[in-house]
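>>> following is a predicted model, sequence given first.
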2 protein chains.
Amino acid sequence: MSARVLIVDDLFPNVKLLETKLALEYFDTVAAMNGPDAIAICEKGLCDIVLLDVMMPGMDGFEVCRILKNNPLTAHLPVVMVTALDQPSDRLKGLDAGADDFLTKPIDDTALFSRVRSLVRLKAVTDELRSRALASREFGMGDPLALATAETGLNASLLLVEDRRGSAERMAAALGQYHTVTVEADPQAAIHVAAEGNFDLVLVSLDLEGFDGLRLCSQLRSLERTRQVPLIMVAEAHDRARIVRGLDFGVHDYLLRPVDRNELVARVRTQIRRKRFSEVLRSAVQASMEMAVTDGLTGLHNRRYLDNHLAGLFADPRLRERPVAGLILDIDHFKAINDTYGHEAGDEVLRTFADRVRLHTRTIDIVARYGGEEVVILLPDAGLAEAYAIAERIRERIEGTPFQVHRDTRSVAVTVSIGVANRRPEDVGPGEMLKRADLALYRAKASGRNRVEAQAA
Amino acid sequence: MSARVLIVDDLFPNVKLLETKLALEYFDTVAAMNGPDAIAICEKGLCDIVLLDVMMPGMDGFEVCRILKNNPLTAHLPVVMVTALDQPSDRLKGLDAGADDFLTKPIDDTALFSRVRSLVRLKAVTDELRSRALASREFGMGDPLALATAETGLNASLLLVEDRRGSAERMAAALGQYHTVTVEADPQAAIHVAAEGNFDLVLVSLDLEGFDGLRLCSQLRSLERTRQVPLIMVAEAHDRARIVRGLDFGVHDYLLRPVDRNELVARVRTQIRRKRFSEVLRSAVQASMEMAVTDGLTGLHNRRYLDNHLAGLFADPRLRERPVAGLILDIDHFKAINDTYGHEAGDEVLRTFADRVRLHTRTIDIVARYGGEEVVILLPDAGLAEAYAIAERIRERIEGTPFQVHRDTRSVAVTVSIGVANRRPEDVGPGEMLKRADLALYRAKASGRNRVEAQAA
């Protein structure tokens, strides 16, 4: 995937060197000579990845990284720290600041390109999700990005695939302080454990006895149930070729042996945060789509959902053949409840009403708020008699127990009238059945309310 | 990106050969020995890409491809046809069936891997979008996948970057039958033309005089405004290294010189369909999120949106300092309109009412249906006097022209009462301002309706 790489370095020759290398590999580049400029470029969305020098006058690389990773606008950008020193303490400081990886000067080209490519590819996959989530924010649906950025990356469930007992114990102990760790020594079993276990991350040793750990990684990346799970390879430094291969097909990160426990903890945490970042965005988009078909007050489906669903019952030839019944429920004297007890009490009654109706319908039934105090229920595969019985049961349960209002300090007797109808072979659209149910409802109201009436034969 | 590759071939040795090659590159494989089995595997979502033999007894590869590409469940899967012959007529038949590419037996490994990788990466980017769109279908929001699959791929706007006049003319003539084609000979200018022109696809010659066409491709893939646009490279057969490079960083397809006009037309069409497929899914997700904050009857914002927006006006410290006014509008005697003319007429009145209100507010104002016949308007940066004037103007426009109902066959005189309030420094939340507006509305109703009243000083 091509991408725009932001190079941040206070020394012009360093910028030039990286620009040249990246341009030869067909990356687009943009440069910043200090931290504030770099942050401004990132906030404007003008780059896909940041190569960030650590040693800069004024704001150093660690601080720039921390700011980028704590800003909802920029937290999704991969940051690779570029450092002259390769002290474990430096790496740790960077990882704590949220950096995705490190490159040591002089920069090794293979490491540079494989890392940039892998990070850019992973980003491309979540970019679409992020723009949908951004749109949901514009529609006034809260700020999922801020929520996603605040994720700590702790208390995850990890799978460690490692058959060297000593190494497994050391890693499990280090990670066990913050997460729940499952160790699996058998790679064949690991694929099943991973598929069933709902893990947040899997660590895979590339030095398994008689089994290529990279193959396990590729299987985990391919299977539907595990492809979203972040993977970290654990490998010997001389195994660079396989590491590059793994990054190339989508493994997220790697650790070199002997594994530094602080680095292990930090890299795992970075991957967990990244995964949860996506999950928060995904749920935000999902939630906002669900809202489109949900009634805000009662949590029932709304009329839009009902109309779509009804249309489907008549459009789909297979569904057309099957019976379906419809109920229209209307709370008796609802206006009087509002006038006597106030609008809030009216809302409480509607919510309780919805809860009781839901309790006495099946999960396959569609229950939707149709308007003010009207609820429609669709009963797939139900005949008229069955529908009438369900309606009568609901009517009894509404009448049977008074409704609590004013935060349970008062109670109100509520009753409901219900009209029942079912689909007839000659019906050409959903309107007819509901019209018959509405006529039945009218008769129920006219004959004294608190009644169920079915359509005329 | 690792992936699960479906190999479809009726000859076992062919399946084995491909399995071995792909496994060495860490791809996961699954096999089918005939068309129906292959289709079943695809429908179950058990693969990411299909390598499809052309010559099979029973259902041949062309037919399998056509079925996959016309089924909303499988249309997104990339299909690579594998053929023993390399006749232009065969290629064309495959492209017409919707195939994404061809490989000729004996299969060249570089071509195989670069194509599979590139197609799988492109797919990974849209998978997230597809699952959100699938979810919207489950919520009863219509079927965006069916809509997306029906896209024809014609009437697009294309940019051709080519400085060989003869070649440009021939390609433009072939494509001009189905699309609008813009030719640009200067690669430097092309980047600006592409960024400004809102093209559906860009074709780039890799043989430009004194300029590396691949660099232009990489820039187009990096820039925000062009990164979603499909790219096709036009190259000499001996330029395979650069072709592979281009596919690797995200160019979608390529054509070899001399360009076969039928293949040109077919490949362009495939890319246009792919792009529009994504666009349809994207709009479906977007639309379903917009619905979550839109009132279905009037198209105004709904109460959920209003509540979120109001909360933001009080939560954001910068917005808290600025004036804001609120209007509550309530149609007079709305119940009588419903009782006299019927519910449908009531709905017509609400829609017309909403249209007129929208006409007399600014785009920065928030207009939301608050409940039955109540509308709330928020006026950012407006003081009480200004808000009162706007309310009075709306009241006049409602009273001034009768409302048409029953499909313009009858007209009804409608009036509105409006309560006006503005934010006070001592307000701690949005509720207080609306409460004052509601009290003012109550006074407007009590003093005879068809009036505007402002909050008491």
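Nice, thanks for sending it over. Numbers count the residues shown, from 1 in each chain, chains lettered A, B, ... in the order given.

>>> output the below-cut-off pLDDT ranges for the stretch 1-150 of chain A.
With pLDDT under 70 as the threshold, the stretch 1-150 of chain A has low-confidence stretches at A:1, A:139-141.

>>> with the stretch 351-457 of chain A instead?
Applying pLDDT under 70 to the stretch 351-457 of chain A flags the ranges A:457.

>>> for chain B, what's the nearest residue on it?
In the stretch 351-457 of chain A, no residue comes nearer to chain B than A:Gly372, which is 6.5 Å away by CB to the nearest CB. Where C-beta positions appear, they are placed from N, C-alpha and C, glycine not excepted.

>>> now do the contacts for that residue.
With contacts defined as CB atoms under 8 Å, 6 or more residues apart in numbering or on different chains, the neighbours of A:Gly372 are A:Phe334, B:Gly372.

>>> where's it relative to B:Gly372, distance?
Applying CB to CB, to the nearest Å, the value for A:Gly372 to B:Gly372 is 6 Å.

>>> likewise for A:Val414?
When CB to CB is the yardstick, A:Val414 and B:Gly372 sit 20 Å from each other.

>>> check A:His192 too.
When A:His192 is compared with B:Gly372 (using CB to CB), they lie 56 Å apart.

>>> what of A:Ala40?
With distances taken as CB to CB, A:Ala40 is found 49 Å from B:Gly372.

>>> before we move on, what about A:Phe314?
As for A:Phe314, its distance to B:Gly372 is 29 Å (criterion: CB to CB).

>>> also A:Leu103?
As for A:Leu103, its distance to B:Gly372 is 63 Å (criterion: CB to CB).

>>> cool, A:Ala124 as well?
Distance check for A:Ala124 against B:Gly372: by CB to CB, it reads 47 Å.

>>> and if you look at A:Leu92?
Using CB to CB, one obtains 61 Å as the distance from A:Leu92 to B:Gly372.

>>> do A:Leu175 as well
In this structure, A:Leu175 and B:Gly372 are separated by 57 Å, where distance is defined by CB to CB.

>>> for A:Ile232, same thing?
Between A:Ile232 and B:Gly372 the computed distance is 56 Å (CB to CB).

>>> from memory A:Val405 sits against A:Tyr341, does it?
Yes - contact status for A:Val405 versus A:Tyr341: in contact at 5.6 Å, counting by CB atoms under 8 Å.

>>> look up phi and psi at A:Gln177.
Dihedral angles of A:Gln177 (phi, psi; degrees, to the nearest 10) stand at phi -70, psi -30.

>>> the residue lying closest to it once chain neighbours are set aside: neighbour count?
Once its chain neighbours are removed from consideration, A:Gln177 has its nearest residue in A:Val265; the separation is 7.7 Å (CB to CB, 6 or more residues apart in numbering or on different chains). The burial metric for A:Val265, expressed as a neighbour count using other CB atoms under 10 Å in any protein chain shown, is 20.

>>> tell me which element A:Val204 falls in.
Assigned by DSSP states H and E, A:Val204 falls within strand A:201-205.

>>> kindly apply the preceding question to A:His76 instead.
In this assignment (DSSP H and E), A:His76 forms part of neither any helix nor any strand.

>>> leaving aside the residues adjacent along the chain, what's closest to it?
Ranked by CB to CB, 6+ apart and with sequence neighbours excluded, the top spatial neighbour of A:His76 is A:Arg130, at 5.9 Å.

>>> next structured bit after the helix or strand the one you found falls within?
Using DSSP H and E, the secondary-structure element containing A:Arg130 is helix A:109-138. Sequence order places helix A:144-149 as the next helix or strand after helix A:109-138, per DSSP H and E.

>>> who touches that following helix?
Counting contacts by CB under 8 Å, 6+ apart, the residues outside helix A:144-149 that touch it are A:69-73, A:75, A:130, A:133-134, A:136-137, A:276-278, A:280-281, A:283-285.

>>> residues making contact with the helix or strand following it?
From helix A:144-149 onward toward the C-terminus, using DSSP H and E, the following helix or strand is strand A:157-161. The contact list for strand A:157-161, computed with CB under 8 Å, 6+ apart, reads A:168, A:171-172, A:175, A:179-185, A:187, A:190, A:193-194, A:197-205, A:208, A:213, A:216, A:268.

>>> now do stretch A:226-234
Counting by CB under 8 Å, 6+ apart, the neighbours of stretch A:226-234 from elsewhere in the structure are A:162, A:167, A:171, A:194-195, A:199-207, A:213-214, A:217, A:220-221, A:242-243, A:246, A:250-255, A:257, A:259, A:267-268, A:271-272, A:274-275, A:278.
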